[in-house]
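1. just coords:
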């Protein structure tokens, strides 16, 4: 395709960088990604930080090049809103360069934020439309242990195991797209690593000798995570207990399952489009006991924002592989290589400039109010109306709350050290102030209102986002 290579962006939901074995995790959760990283044209970025801890804000950053406080999604109470109609997106910009654009996703990475309408074609793989894919369904029935819960007639058991369907649907749609004689941009989002953490039958005892207990703990983490947090707070200890360790075993198993599917999709892409640029990353992480928290709702700890990132087909950015990066940098760099318009973007072209600090944001008053109402110790941690912004540098991290800043020496995020290093703390505060005045202002006063179809509402209910 000359200077217009195919571009495939693959996002795994809720995968923490420190739980992938590409970066020396103690468990071998991502052996296939390790193999991919060993290729000469692949760059691994061990210090990638998401812009937000929620899909409905992180994905818009990827696909608009803007920080959450600018694009506005997820920075107010209630529904996150939709991408403003006047805001350009990556599918729009690459479409102007002659690309065919394909989305394979659902929920908050699709119609939930209105991004689906920007693609030439957008496919939603979910349990509601499995009957539309009979050939894939029949193949899945031969893989119930490796890709599903084992033999079960309960459709709800299988609805938590959609990775195989997403992979096969993505392969089918990409094969058709590659035959269009136009360069292809595709955004593919896997939700299977989102909680509840239910690995396929063949992996349920991969990292535990008590899979039944681990399954029960994973269910509790999804349905009654408050109880687990309250236990941690009542113990006045935020060290992983036996229940947390069981949850971790299931989380790591589902990551290993995702690793298999991502590898299969990657191999297919490279077979069909040898020179394609392929990005593999995650939209955000998850608290699993850090700071006494469970889930991805409350804080900007590295557990929630530090994510894996590997890029194939763009070796010229390898010189900055040890630098701090964010998704908007990678997308801006890729678009710049094909001469697309990046004037809206707020990132860096990594071929020309490194990033010194990563910016991540959070505003989630509804969850804070619920937390405060249910446990008195939560008042130590949370101000319901606080908009949080973190500034992560090479050694230090500022977490900005109104009247409650915290300054940490990484990798530790338990003790505020602002008084012991006042000059460094002041430098971080100055950087945040300048950043906020330059990049932190809203693109529009309010995002477009969210209008969800019944199908999308059911998807979001399955993921625990809607009641």
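-> Everything's here; your move. No experiment lies behind these values; they were computed from the predicted model shown.

2. Residue 12 against residue 258, yeah?
-> Yes: the pair residue 12 / residue 258 is scored as a contact, 5.5 Å apart, by C-beta atoms under 8 Å. For every residue, glycine as well, the C-beta is placed using N, CA and C.

3. in the stretch 201-350 of the chain, which spans are helices?
-> 211-223, 225-234, 242-272, 302-305, 327-337 (DSSP state H, counting those that start in this stretch).

4. What separation is there between the most centrally placed residue in the chain and residue 276?
-> By C-alpha atoms, centre = their mean, the chain has its centre lying nearest to residue 283, at 1.3 Å. Going from residue 283 to residue 276 by C-beta to C-beta, to the nearest Å gives 21 Å.

5. now do residue 254
-> Counting by C-beta to C-beta - residue 254 and residue 276 are separated by 27 Å.

6. between these two, who's got more neighbours?
-> residue 254 (29 against 21; other C-beta atoms under 10 Å).

7. what residues are up against that one?
-> By C-beta atoms under 8 Å, 6 or more residues apart in numbering, residue 254 lies in contact with 192-193, 197-199, 203.

8. so residue 278 touches residue 272, yeah?
-> No: with contact defined as C-beta under 8 Å, residue 278 does not count as touching residue 272 (11.4 Å).

9. Give the residue from the two that has the larger number of neighbours.
-> With neighbours defined as other C-beta under 10 Å, residue 278 and residue 272 compare such that residue 278 has more, 25 against 16.

10. Burial check on the nearest residue to the more buried one once chain neighbours are set aside, number of neighbours?
-> Nearest-residue entry for residue 278: residue 312, 4.3 Å, with adjacent residues in sequence omitted and distances by C-beta to C-beta, 6 or more residues apart in numbering. Number of residues near residue 312 (other C-beta under 10 Å) recorded here: 20.

11. Was I right to think residue 312 contacts residue 37?
-> No: counting by C-beta under 8 Å, residue 312 does not reach residue 37; the two are 9.1 Å apart.

12. Stretch 98-114: end-to-end distance?
-> Separation of the first and last residues of stretch 98-114 by C-alpha to C-alpha, to the nearest Å is 22 Å.

13. Now do that stretch: distance to the chain's middle.
-> Between the centre of stretch 98-114 and the centre of its chain there are 15 Å (C-alpha atoms, centre = their mean, to the nearest Å).

14. Then stretch 49-69?
-> 9 Å.

15. Now that stretch: buried residues?
-> 49-69 (16 or more other C-beta atoms under 10 Å).

16. Out of those, name the ones that lie in helices.
-> Those of these mapping onto helices are 55-64, 68-69, per DSSP state H.

17. Pull the number of nearby residues for residue 24.
-> Residue 24 is flanked by 8 other residues according to other C-beta under 10 Å.

18. Then the one 5 residues further on?
-> Neighbour count of residue 29, defined by other C-beta under 10 Å: 24.

19. who's in contact with it?
-> Residue 29 touches 19-21, 252, 255-256, 259, counting by C-beta under 8 Å, 6+ apart.

20. what do you get for residue 280?
-> 10, 12, 33, 36, 262, 266, 308-312 are the contacts of residue 280 under C-beta under 8 Å, 6+ apart.

21. got any ranges where this structure has weak pLDDT?
-> Counting by pLDDT under 70, the ranges of the chain that qualify are 1-2, 77-79, 128-131, 153, 235-239, 365-369, 372-386, 403, 445-467.

22. all strands for the stretch 51-200 of the chain, in order.
-> Ranges of strands within the stretch 51-200 of the chain are 100-104, 121-123, 184-190, based on DSSP state E, counting those that start in this stretch.

23. looking at the helices of the stretch 201-350 of the chain, which is buried most?
-> Counting by mean count of other C-beta atoms under 10 Å, helix 302-305 has the highest mean neighbour count of the helices of the stretch 201-350 of the chain, with a mean of 26.

24. Check what contacts that one and list those residues.
-> Counting by C-beta under 8 Å, 6+ apart, 16, 18, 49-50, 53, 284-288, 290, 296, 358, 360, 390, 392, 397, 410-411, 413 sit against helix 302-305.

25. Report the buried members of these.
-> Buried among the contacts of helix 302-305 (16+ other C-beta under 10 Å): 16, 18, 49-50, 53, 284-288, 290, 296, 358, 360, 390, 392, 397, 413.

26. Mind checking which of those residues are in strands?
-> 49, 287-288, 358, 360, 390, 392, 397 (DSSP state E).

27. Quick check: the farthest pair among these?
-> Pairwise distances across those peak at 21.2 Å for 288 and 358 (criterion: C-beta to C-beta).

28. give me the beta-bridge partners of residue 406?
-> Counting by DSSP bridges, residue 406 is bridged to residue 399.

29. follow-up on the earlier one: any chance of the strands of the stretch 51-200 of the chain in JSON lines, plus mean neighbour count?
-> Listed next are the strands of the stretch 51-200 of the chain as JSON lines, based on neighbours: other C-beta atoms under 10 Å:
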{"stretch": "strand 100-104", "mean neighbour count": "24"}
{"stretch": "strand 121-123", "mean neighbour count": "18"}
{"stretch": "strand 184-190", "mean neighbour count": "27"}
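
30. can those strands go into a markdown table with extra columns for distance to residue 323?
-> Output for the strands of the stretch 51-200 of the chain, formatted as a markdown table (distance: least, C-beta to C-beta, whole Å):
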| stretch | distance to residue 323 |
| --- | --- |
| strand 100-104 | 29 |
| strand 121-123 | 33 |
| strand 184-190 | 24 |
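
31. who wins for proximity to residue 134 among the ones you listed?
-> Using C-beta to C-beta, the nearest of those to residue 134 is strand 121-123, at 15.8 Å.

32. Might you calculate how far the closest one sits from the centre of the chain?
-> 20 Å.

33. Which strands border it, and is each parallel or antiparallel?
-> With DSSP bridges as the test, strand 121-123 is paired with strand 100-104 (parallel).

34. Name the residues that touch the partner strand?
-> Contacts for strand 100-104 (C-beta under 8 Å, 6+ apart): 91, 94-95, 110, 115-116, 118-123, 125, 166, 169-170, 173-174, 177, 180, 182-189.

35. One more: stretch 12-20?
-> 23, 25, 27, 29-30, 33, 46, 48, 55, 109, 189-195, 251-252, 255, 258, 262, 280-286, 296, 302-303, 306-308.
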